[in-house]
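Chemist: no FASTA, just this:
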């Protein structure tokens, strides 16, 4: 039923596969195996919220994707497959089980060069992800209700390269200090 739904709605550019009980990444290979490449590339909004995904398949076929919602799944690791989405502007990864984002700043910034909104609330992060250091397009970052105590390792400024960051939300953590934000153009903290 996932393949049928995706095939029917992909031409519109909006595919809602939320709350469908999807558990396996292979259930989402329809975008690269069954749907014509030009149609997959035209999908700009994909909602996978509220499933049981612990990993994602290759996302290369969705190169035109601008909005992705993978909230309320069971992801423990940030899927590196997301760094195959050069058009992505908004990424919602709230309410998963992420403990860290184990990606290099170079891979994250080059793979997601247009990312403006990143929602990481309600996960298990213990520090600000160092991979955000070069996210020049990032405007909104929410890391509420995680397990942040220290925002960085000593001497690091993980948000220094976020030169467009306007909104930073860190509420509901156990922070002992505010991260270095002096050079950021924040309008809301």
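Modeler: Now that the structure is in, tell me what you want to look at. Owing to the predicted nature of the structure, the values given are computational and were not obtained by experimental measurement. Residues are numbered from 1 along each chain as shown.
Chemist: tell me how far the residue positioned nearest the centre of the chain lies from residue 21.
Modeler: Centroid check for the chain by C-alpha atoms, centre = their mean gives residue 91 as the closest residue, at 3.8 Å. Separation of residue 91 from residue 21 (C-beta to C-beta, to the nearest Å) stands at 22 Å. All C-beta spots, glycine's among them, are computed from the backbone N, C-alpha and C.
Chemist: kindly report the same for residue 138.
Modeler: Residue 138 is 32 Å from residue 21, by C-beta to C-beta.
Chemist: try residue 70
Modeler: 15 Å.
Chemist: now the helices for this structure?
Modeler: Per DSSP state H, the chain carries helices over the ranges 2-9, 30-33, 37-41, 105-111.
Chemist: list the buried residues of the third one.
Modeler: Which is helix 37-41. For helix 37-41, a neighbour-count test (16 or more other C-beta atoms under 10 Å) marks 39-41 as buried.
Chemist: with distance to residue 112 and pLDDT added, can I get the residues you listed in a markdown table?
Modeler: Converted to a markdown table, the buried residues of helix 37-41 look like this (distance: C-beta to C-beta, whole Å; pLDDT from 0 to 100):
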| residue | distance to residue 112 | pLDDT |
| --- | --- | --- |
| 39 | 23 | 96 |
| 40 | 18 | 95 |
| 41 | 17 | 96 |
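Chemist: picking up where we left off before, most tightly packed of the helices of the chain?
Modeler: helix 30-33 (a mean of 18; mean count of other C-beta atoms under 10 Å).
Chemist: list the helices and strands that helix packs on?
Modeler: helix 2-9 (3 or more C-beta pairs under 8 Å, 6 or more residues apart in numbering; DSSP states H and E).
Chemist: hmm, who's touching the helix it packs on?
Modeler: 15-17, 20, 22, 27-28, 30-31, 34-35 (C-beta atoms under 8 Å, 6 or more residues apart in numbering).
Chemist: switch the cut-off to 10 Å
Modeler: Helix 2-9 is contacted from outside by 15-17, 20-22, 27-31, 33-36, 39-40, 43, 46, 51, using C-beta atoms under 10 Å, 6 or more residues apart in numbering.
Chemist: please indicate which of those residues are buried?
Modeler: Buried, going by 16+ other C-beta under 10 Å: 15, 17, 20, 22, 27-31, 35, 39-40, 43, 46, 51, out of the contacts of helix 2-9.
Chemist: can I get the helices of the chain in CSV with distance to residue 84?
Modeler: Shown next, in CSV, are the helices of the chain (distance: least, C-beta to C-beta, whole Å):
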stretch, distance to residue 84
helix 2-9, 18
helix 30-33, 11
helix 37-41, 12
helix 105-111, 6
